[in-house]
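**Q** Build me a model:
(one chain, ligands or ions: 1)
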Amino acid sequence: MQIDVLTLFPEVFETFVQTSIVGRAGKSELVDIRFTNIRDFADDARGSVDDKPFGGGPGMVLTCGPVFDAVEWIDGQSEVPSKRILLTPQGRVLTQERVEALARLPRLLLICGHYEGFDERIRTGLGAEEISIGDYVLSGGEPAAMVLIDAVVRLLPGALGDEASAQHDSFASGLLEGPHYTRPREFRGMAVPEVLLSGNHAEIEAWRRAQSIERTRQRRPDLLEHSRRTDLE
Ligand code: 4GM
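**A** Coordinates of the predicted model:
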């Protein structure tokens, strides 16, 4: 998979793309992530990429010119057509289902905004989809792009090293994961549940499933509405 990121702050991604699963996936060529600085496509020598909003109001708006020029330049670097995504608080909220769909695409182009946002013609003129990582506001789209990249890259075949673990994820099943334990068997008076030490795999599986359902019922009953149809039968 190829991922291009259009940003005013490419340097904030540096350690992120070198670390952990994303870093490993990059080294093993499962994913090729490239960064382009919007400012390299500024309209003037001063490097302007934003302007005051028409109609007045606070803040600045990212202008069309540099973003269109940058997107067209990025597109010209490869034959593979890219899915264009704007990270904004106004977008459709990202879910594991949506992440799975994005992970099947050959090329993503993530566009990170700042200020009060993008000129609307960036979305409409570039045919871009707006995606939000949740109902809160960030000062820039970069952390949202990192969230999306991490969620997608770990699903690429071969990225985790252990294919089973992605299927075990919360949300892959529509349920939250239950508790996990490791050594020691007792820590400061807190014991590991006996069943996990029993060696009875059927019983352990049943216990884990019951824990998973109970935790979901307590914390995220909204998820049960969906998983009831698909998973709990
Ligand atoms: C566009 C418009 C994404 C981008 C206004 C970006 C939150 C999210 C920004 C903006 C963002 C999110 C940058 N904040 N929830 N800020 O995915 O402020």
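**Q** got the residues of the chain near the ligand?
**A** The chain comes close to the ligand at residues 87-89, 113-114, 117-118, 132-134, 136-138, 140-141, 144, as judged by CB under 6 Å from any ligand atom. C-betas here are computed from N, CA, C, even on glycine.
**Q** Let's see if you can find the most crowded of those.
**A** residue 141 (30 neighbours; other CB atoms under 10 Å).
**Q** so that one touches residue 114, yeah?
**A** Yes. Counting by CB atoms under 8 Å, residue 141 does reach residue 114; the two are 7.3 Å apart.
**Q** about what we covered before: in helices, which of the residues of the chain next to the ligand fall?
**A** Taking DSSP state H as the definition of helices, the residues of the chain next to the ligand contribute residue 144.
**Q** So for the residues of the chain next to the ligand, which is the shakiest by pLDDT?
**A** Lowest pLDDT within those is found at residue 114 (88).
**Q** which residues touch that residue?
**A** 8, 50, 62, 139, 140, 141 (CB atoms under 8 Å, 6 or more residues apart in numbering).
**Q** Could you export the residues you listed as JSON lines, including distance to residue 73?
**A** Converted to JSON lines, these look like this (distance: CB to CB, whole Å):
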{"residue": "8", "distance to residue 73": "16"}
{"residue": "50", "distance to residue 73": "19"}
{"residue": "62", "distance to residue 73": "17"}
{"residue": "139", "distance to residue 73": "26"}
{"residue": "140", "distance to residue 73": "21"}
{"residue": "141", "distance to residue 73": "19"}
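**Q** which one of those is nearest the ligand?
**A** The nearest member of the contacts of residue 114 to the ligand, counting by CB to the nearest ligand atom, is residue 141 at 4.2 Å.
**Q** Next one: that closest one relative to residue 12, how far apart?
**A** 11 Å (CB to CB, to the nearest Å).
**Q** Leaving out the residues flanking it, which one is nearest to residue 113?
**A** residue 141 (4.9 Å; CB to CB, 6 or more residues apart in numbering).
**Q** Report how many residues lie close to residue 36.
**A** 19.
**Q** Any buried residues in the longest helix along the chain, and which?
**A** The longest helix of the chain (DSSP H) is helix 201-219. Using 16 or more other CB atoms under 10 Å as the test for burial, helix 201-219 gives 207, 208, 211, 212, 213, 215, 216.
**Q** Tell me how far the last one lies from the ligand.
**A** Relative to the ligand, residue 216 is positioned 24 Å away (criterion: CB to the nearest ligand atom, to the nearest Å).
**Q** which ones are touching the residue nearest the centre of the chain?
**A** Residue closest to the mean C-alpha point of the chain, counted by CA atoms, centre = their mean, is residue 148 at 1.5 Å. Contact partners of residue 148, counting by CB under 8 Å, 6+ apart, are 85, 87, 94, 99, 102, 110, 131, 133.
**Q** moving C-terminal of the lowest-mean-pLDDT helix or strand in the chain, what's the next helix or strand?
**A** One helix or strand of the chain scores below all others by mean pLDDT, DSSP states H and E: helix 163-168, with a mean of 69. Following helix 163-168 in sequence order, the next helix or strand is strand 186-187 (DSSP states H and E).
**Q** Show me what counts as buried in the helix or strand where residue 125 lies.
**A** Taking DSSP H and E as the criterion, residue 125 maps to helix 120-126. Within helix 120-126, the residues scored as buried using 16+ other CB under 10 Å are 122, 123, 126.
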